[in-house]
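Chemist: below are the sequence and a predicted model for it; my questions follow.
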Amino acid sequence: MNCTFCPRKTLSLFIRSLAPLELPSFSRTSGVRFSRAAFSSAASRQQDQIDELSKPPGRTQNRDTSINDEKQSSYKPRSPRGITERPPPKKKERWQIEKAAIKEKLKGEAWNPRKKLSPDTMEGIRHLNSTHPEKFTTPILAQYFKVSPDAIRRILKSKWRPSDDEQDERLARWDKRGEKIWSNLVELGVKPPKKWREMGVGKAERGQLPKWKSRERNRVPVNDSSSGPDLDDLIPIVDASGERLQTPQRRPMGSRFG
């Protein structure tokens, strides 16, 4: 007796032994079709596992392990919540360090650089102190030349003398500086000294008057750095012998005759 159901039942039992699957109760035709598909998928899955195990280690496995190593090396633990890591302080430049030191030294006061004196002025300070040390003391010289007493002490203490080339270069530099200053004063209507007029400072074009002779000039008061009744006695005029010259005294016109 040939029964078609017996081979199917045997096949389904064999499939269940390979892959424990609970097959739902379908109709006869659908159950047979599902059992065949499950059998083929289970068999192909087992074959893939066998092939994967039988393969030698290839590039894919090495690549996977290298990716995992990179992930582990790039992993950084998170900082606790609320605590941020500050970057290291930037290294300060040299000028920033010097600026901070000057600011600390001045203690908030404005920067007041020292007054520059010309080489001739410094030589005159030494000459005054050497000829009349009891009269031209450091405080008097500092008050007259508008510099600090320490600057006067450094000038008197210094024994350095420039060479001829250095002296010519410095004098040329100071002449250029004086020419610039007097050119600006001429624009304000101030008459320059004869020395600067001979050098061409304030020279007017042909047919025109200089600015210090024009009526539209600005009358700017130009005074000496020191004033007072004893100004003539403060800075004496000496000759080559070092003796003081007799300065003319002002007398009324009536006393000059007779």
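Modeler: Yes, it's here.
Chemist: just the element for Leu209, please.
Modeler: Under the criterion of DSSP states H and E, Leu209 resides outside all helices and strands.
Chemist: how many neighbours does it have?
Modeler: Counted with other CB atoms under 10 Å, residues neighbouring Leu209 total 11. Where you see a C-beta, it was placed from the backbone N, CA and C, and this is true even at glycine.
Chemist: next one: it from Lys203, what distance?
Modeler: 11 Å (CB to CB, to the nearest Å).
Chemist: please apply the same query to Pro89.
Modeler: For Pro89 relative to Lys203 (CB to CB), the value is 59 Å.
Chemist: looking at these two, which is more packed in?
Modeler: With neighbours defined as other CB under 10 Å, Pro89 and Lys203 compare such that Lys203 has more, 11 against 6.
Chemist: hang on, that one packs against Arg197?
Modeler: Yes - assessed by CB atoms under 8 Å, Lys203 is found in contact with Arg197 at 7.5 Å.
Chemist: would you map out the domains in this structure?
Modeler: Split into domains by automatic domain parsing, the chain comes to 116-161, 180-243.
Chemist: with distance to Ile102 added, can I get the ones you listed in a markdown table?
Modeler: Shown next, in a markdown table, are these (distance: least, CB to CB, whole Å):
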| stretch | distance to Ile102 |
| --- | --- |
| domain 116-161 | 17 |
| domain 180-243 | 28 |
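Chemist: pick the most deeply packed of those.
Modeler: Most buried of the domains of the chain, by mean neighbour count (mean count of other CB atoms under 10 Å): domain 116-161, with a mean of 14.
Chemist: and that domain, end to end?
Modeler: By CA to CA, to the nearest Å, the extent of domain 116-161 from end to end equals 17 Å.
Chemist: check stretch 133-153 too.
Modeler: Using CA to CA, the end-to-end distance of stretch 133-153 comes out at 13 Å.
Chemist: now do stretch 127-138
Modeler: 13 Å.
Chemist: now the domains of the chain in CSV, with mean pLDDT?
Modeler: Formatted as CSV, these follow (pLDDT from 0 to 100):
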stretch, mean pLDDT
domain 116-161, 89
domain 180-243, 68
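Chemist: how about these, which one is nearest Ile97?
Modeler: Proximity to Ile97, assessed across those by CB to CB, is greatest for domain 116-161 (25.0 Å).
Chemist: so what's in contact with Lys203 and Arg197 at the same time?
Modeler: Shared contacts of Lys203 and Arg197, defined by CB atoms under 8 Å, 6 or more residues apart in numbering, are absent.
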